[in-house]
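In: Below are the sequence and a predicted model; questions follow.
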Number of protein chains: 2
Amino acid sequence: MSGDKIQLGHGSGGRMMAGLIHDLFKRRFGNPFLDPLDDGALLPGLAPGERLAFATDSFVVDPIFFPGGSIGDLAVNGTVNDLCMCGSRPLWLSAGFILEEGLELADLEGIVGDMAAAAARAGVQIVTGDTKVVERGQADRLFINTSGIGVIAHQVTLGSRHLRPGDRLIVSGTLGDHGIAVLSRRRDLGFTTPLLSDTAPLHELSALLLECCGEALHALRDPTRGGLAATCHEFAQGSGVEIRLEERALPVRREVAAACELLGLDPLYLANEGKLVAAVAGEAADRALQTLRDHPLGREAALIGEVHAGKTGIVAMRSFLGAWRMVDLPAGELLPRIC
Amino acid sequence: MSGDKIQLGHGSGGRMMAGLIHDLFKRRFGNPFLDPLDDGALLPGLAPGERLAFATDSFVVDPIFFPGGSIGDLAVNGTVNDLCMCGSRPLWLSAGFILEEGLELADLEGIVGDMAAAAARAGVQIVTGDTKVVERGQADRLFINTSGIGVIAHQVTLGSRHLRPGDRLIVSGTLGDHGIAVLSRRRDLGFTTPLLSDTAPLHELSALLLECCGEALHALRDPTRGGLAATCHEFAQGSGVEIRLEERALPVRREVAAACELLGLDPLYLANEGKLVAAVAGEAADRALQTLRDHPLGREAALIGEVHAGKTGIVAMRSFLGAWRMVDLPAGELLPRIC
């Protein structure tokens, strides 16, 4: 590759872009579907009766490297997890890069390496891609879009419309780790923490829950932007139910609680990148919880709330002291570019 | 929607983002696959023996509105066309938006309307999406990623590796219209032209060619960034052949030729957004040409060159005066943000 910074020519459709694709993307992502480098990937069909899941997510996290991961990890795990939340097994990802002129090539190489490692861990292949370069100052270093295809080989349909009164809510681990880990590296905040982002693929947890619960599993969601609060609101709105959370049941690391106190934040609203929230029929809740706890990514799973007929769209929480309060959906933006 | 400009809160995962999704995206793109608004779309499976095509493209064109279209048209047609170039029938698209704080909501609404209209024209549905907002100055108005899934119901495999000596190259219409139309609106160039971008979906042309040529159709490509020159180089490299073009056969509008003279550009390198280049076995070339010409988008289709065993990776062109010259792949960037 010519030079050690991204130049406009790396997005040109010319020789420099071809070099970037061959020397970096194809070398790190290479697989039989990607290698022909045509306009798209040709993929095999599905077995009869199988359905597809299709998801997309753009990543603009600032900074691009943070404790526990990078925008590359997020970009793969984020779309993998969206596919898992649909009840599918993720198979194939696309990767679309928007690069700012002047980005260090070493940074891009690190991020692409992170993507390749994350894809291998999640058992997916990056099969098609695109690269654009914009002039200095017209993007911030790099943005990545990943889209993905998963396959659904069972008959259960999950979704925020499928919760029922009597369901229990389970979260697979501690809340807010990603949000605080990223904030700790923001230039303007200046606090430190040993905390790492929780970025991780949830394909094993979601598959285990489907296997253990079947039709008793009603919805899965990864509480990223907007955190657990936003997820509960989507559930409450989507299914026309009321959700009641127990504050004492929420798993929150001491470092996260301390940072929240310092910064005036609430762990309910912090982004997570390796956690899921499951809505499970009451009778299956205990075995779902145990299934999660038996997996390394779910050791701190907890039953955190219940679904009630109550009032449509309401999310309430009983505090440590026993008082009920409303959990609002924030109107504006608390933490821009957290993912 | 609150206010008439995009605010950071529109990317928050909170109430403002939910408003944007419901009031704009769902209203304009709404379909049974998108409407549940879960993390991804659940799609039906394929018939036995069918294959999938999967493509992605990010759009950063500047300006976002130009004669004949907008970034919204490009974003839909671009991925539709990538899917067509794989020989598939495009079915489903994702849409990922990166919005700059302060973007006029009216502009976003116009662009989303263009996307909805383009999707309807191409017979595809936008089934899943994502929205991020970055602070003012960290992106330029908006960037759009679309990814798409198509279905391949035949046994022909197209690709830049499949050209053979004796193939003829056909282009479906005039070269360079998009590139010149966009350049005419760049603030710093200050020339005017009645020319419109050629942005259009190529699904009918590609289906007609497959039907008329079958196995005799070897490769399809839409010559976007880098133009016909980049496409020919991909073909020549991919198949280890030499490509010989005839300058007098290239369809170029008078306005494009005039603008190229003024700006010192070559139509061979200009972006097209509604044209295809087909590599067809010699014996099928005449009927492929006629098939294209019988369609409104292919009226000016032309036979423009031949594939020879010759030297691997060489693209040569015979000029109007009969002299042969090499057609280089440009190293750097001629026209940043043309798509």
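Out: Yep, it's here.

In: Nearest residue to the middle of chain A?
Out: Compute the mean C-alpha point of chain A, and by CA atoms, centre = their mean the closest residue is A:Gly78, 3.2 Å away.

In: give me the number of residues near the nearest residue to that residue once chain neighbours are set aside?
Out: Distances taken as CB to CB, 6 or more residues apart in numbering or on different chains put A:Asp57 closest to A:Gly78, at 4.7 Å, once the chain neighbours are dropped. Just so you know, the C-beta spots here come from the backbone N, C-alpha and C atoms, and that holds for glycine as well. Look at A:Asp57: counted by other CB atoms under 10 Å in any protein chain shown, it has 28 neighbours.

In: Could I get the contacting residues of A:Asp57?
Out: Counting by CB atoms under 8 Å, 6 or more residues apart in numbering or on different chains, A:Asp57 touches A:Ala75, A:Gly78, A:Thr79, A:Asp82, A:Asn145, A:Thr146, A:Ser147, B:Gly96, B:Asp130.

In: Per-residue pLDDT of it, please?
Out: At A:Asp57, the predicted lDDT confidence score is 96.

In: longest helix anywhere in chain A?
Out: When chain A is parsed with DSSP state H, its longest helix is helix A:105-122.

In: Could you check the helix or strand that it is followed by against chain B for contacts?
Out: Remark: after helix A:105-122, the chain's next helix or strand is strand A:125-134, criterion DSSP states H and E. Yes. Using CB under 8 Å from any CB of the partner chain, strand A:125-134 reaches chain B at A:Val127, A:Thr128, A:Gly129, A:Asp130, A:Lys132, A:Val133, A:Val134.

In: Extract the C-alpha trace of the helix or strand harbouring A:Val80 and format it as CSV.
Out: Assigned by DSSP H and E, A:Val80 belongs to helix A:71-85. Extracted in CSV, the C-alpha atoms of helix A:71-85 (Å, rounded to 0.1, in the frame of the first residue of the first chain):
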residue,chain,number,x,y,z
ILE,A,71,-15.2,-0.2,16.3
GLY,A,72,-14.2,-3.3,14.4
ASP,A,73,-15.4,-5.6,17.2
LEU,A,74,-18.6,-3.6,17.6
ALA,A,75,-19.3,-3.7,13.9
VAL,A,76,-19.2,-7.5,13.8
ASN,A,77,-20.7,-8.3,17.1
GLY,A,78,-23.4,-5.7,16.8
THR,A,79,-24.9,-7.2,13.6
VAL,A,80,-24.2,-10.7,14.7
ASN,A,81,-26.3,-9.9,17.8
ASP,A,82,-29.1,-8.3,15.9
LEU,A,83,-29.4,-11.5,13.9
CYS,A,84,-29.3,-13.6,17.1
MET,A,85,-32.1,-11.4,18.6
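
In: sorry, back to before: isn't the residue nearest to the centre of chain A right next to A:Asn145, touching?
Out: No. Using CB atoms under 8 Å, A:Gly78 makes no contact with A:Asn145, being 10.2 Å away.

In: Can you pull up the residues of the stretch 101-250 of chain A that come close to chain B?
Out: Residues of the stretch 101-250 of chain A lying close to chain B (CB under 8 Å from any CB) are A:127-130, A:132-135, A:137-140, A:143, A:145, A:147-150, A:152, A:157-161, A:221-222, A:224-227, A:230, A:234, A:238.

In: Could you list which of those belong to helices?
Out: A:Gly227, A:Ala230, A:Glu234, A:Gly238.

In: which residues does the residue nearest to the first one when sequence neighbours are not counted contact?
Out: This points to A:Gly227. Leaving aside its sequence neighbours, A:Gly227 sits nearest to A:Tyr269 (CB to CB, 6+ apart; 4.4 Å). Applying CB under 8 Å, 6+ apart to A:Tyr269 gives the contacts A:Gly226, A:Gly227, A:Leu228, A:Ala229, A:Ala230, A:Pro330, A:Leu334.

In: Among the ones in helices among the residues of the stretch 101-250 of chain A next to chain B, the buried ones, what's the ChimeraX command?
Out: Selection of buried members from these for ChimeraX, criterion 16 or more other CB atoms under 10 Å in any protein chain shown:
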select /A:227,230,234,238
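
In: what sits against A:Arg168?
Out: Listed by CB under 8 Å, 6+ apart, the contact set of A:Arg168 reads A:Ala279, A:Val280, A:Ala281, A:Gly282, A:Ala285, A:Leu303, A:Gly305, A:Glu306, A:Val307.

In: Which strands or helices does the helix holding A:Val80 pack on?
Out: Helices and strands touching helix A:71-85, by 3 or more CB pairs under 8 Å, 6 or more residues apart in numbering or on different chains; DSSP states H and E, are strand A:51-59, strand A:89-100, helix A:105-122, strand A:142-152, helix A:203-213, strand A:217-221.

In: Please repeat the previous calculation with a cut-off of 6 Å.
Out: Helices and strands touching helix A:71-85, by 3 or more CB pairs under 6 Å, 6 or more residues apart in numbering or on different chains; DSSP states H and E, are strand A:51-59, strand A:89-100, helix A:105-122, strand A:142-152.

In: now these in CSV, with distance to A:Gln7?
Out: Converted to CSV, these look like this (distance: least, CB to CB, whole Å):
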stretch, distance to A:Gln7
strand A:51-59, 23
strand A:89-100, 10
helix A:105-122, 10
strand A:142-152, 14
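
In: Quick one: closest of those to B:Ile180.
Out: With distances scored as CB to CB, the stretch of the helices and strands packed on helix A:71-85 nearest to B:Ile180 is strand A:89-100 (24.3 Å).

In: is the closest one anywhere near chain B?
Out: Yes. With CB under 6 Å from any CB of the partner chain as the criterion, chain B is reached by strand A:89-100 at A:Ser94, A:Gly96, A:Ile98.

In: Okay, and the beta partners of the residue nearest to A:Gly78?
Out: Counting by DSSP bridges, A:Asp57 is bridged to A:Thr146.

In: what about A:Pro48, which SS state?
Out: At A:Pro48 the chain is in coil, as set by DSSP: H, G, I helix; E, B strand; the rest coil.

In: Contacts only, for it.
Out: B:Pro48 (CB atoms under 6 Å, 6 or more residues apart in numbering or on different chains).

In: For it, give its distance to B:Pro48.
Out: According to CB to CB, to the nearest Å, A:Pro48 stands 6 Å off from B:Pro48.

In: same question, A:Ala316
Out: Using CB to CB, A:Ala316 is found at 50 Å from B:Pro48.

In: and the contacts of A:Tyr269, which two are the farthest apart?
Out: Farthest pair in the contacts of A:Tyr269 (CB to CB) is A:Leu228 and A:Leu334. Separation: 13.3 Å.

In: and the residue of the stretch 101-250 of chain A found nearest chain B, how many neighbours?
Out: Chain B sits closest to A:Gly226 of the stretch 101-250 of chain A, with a gap of 2.7 Å, by CB to the nearest CB. The number of residues packed near A:Gly226 is 27, by other CB under 10 Å.

In: do the same with A:Pro32
Out: 10.

In: can you list the domains in chain A?
Out: A:40-152, A:168-326 (automatic domain parsing).

In: returning to what we had before: so which of the helices and strands packed on helix A:71-85 gets nearest B:Glu261?
Out: Closest to B:Glu261 of those is strand A:89-100 (CB to CB; 32.5 Å).

In: returning to what we had before: want to throw the contacts of A:Tyr269 into TSV with pLDDT and distance to B:Leu8?
Out: Shown next, in TSV, are the contacts of A:Tyr269 (pLDDT from 0 to 100; distance: CB to CB, whole Å):
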residue	pLDDT	distance to B:Leu8
A:Gly226	93	13
A:Gly227	96	16
A:Leu228	97	21
A:Ala229	96	17
A:Ala230	94	15
A:Pro330	79	12
A:Leu334	76	9
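
In: Among those, find me the one that's closest to A:Cys86.
Out: For the contacts of A:Tyr269, the nearest to A:Cys86 is A:Ala230 (17.7 Å; CB to CB).

In: Without its sequence neighbours, what residue ends up closest to the closest one?
Out: Leaving aside its chain neighbours, A:Ala230 sits nearest to B:Gly13 (4.5 Å; criterion: CB to CB, 6+ apart).
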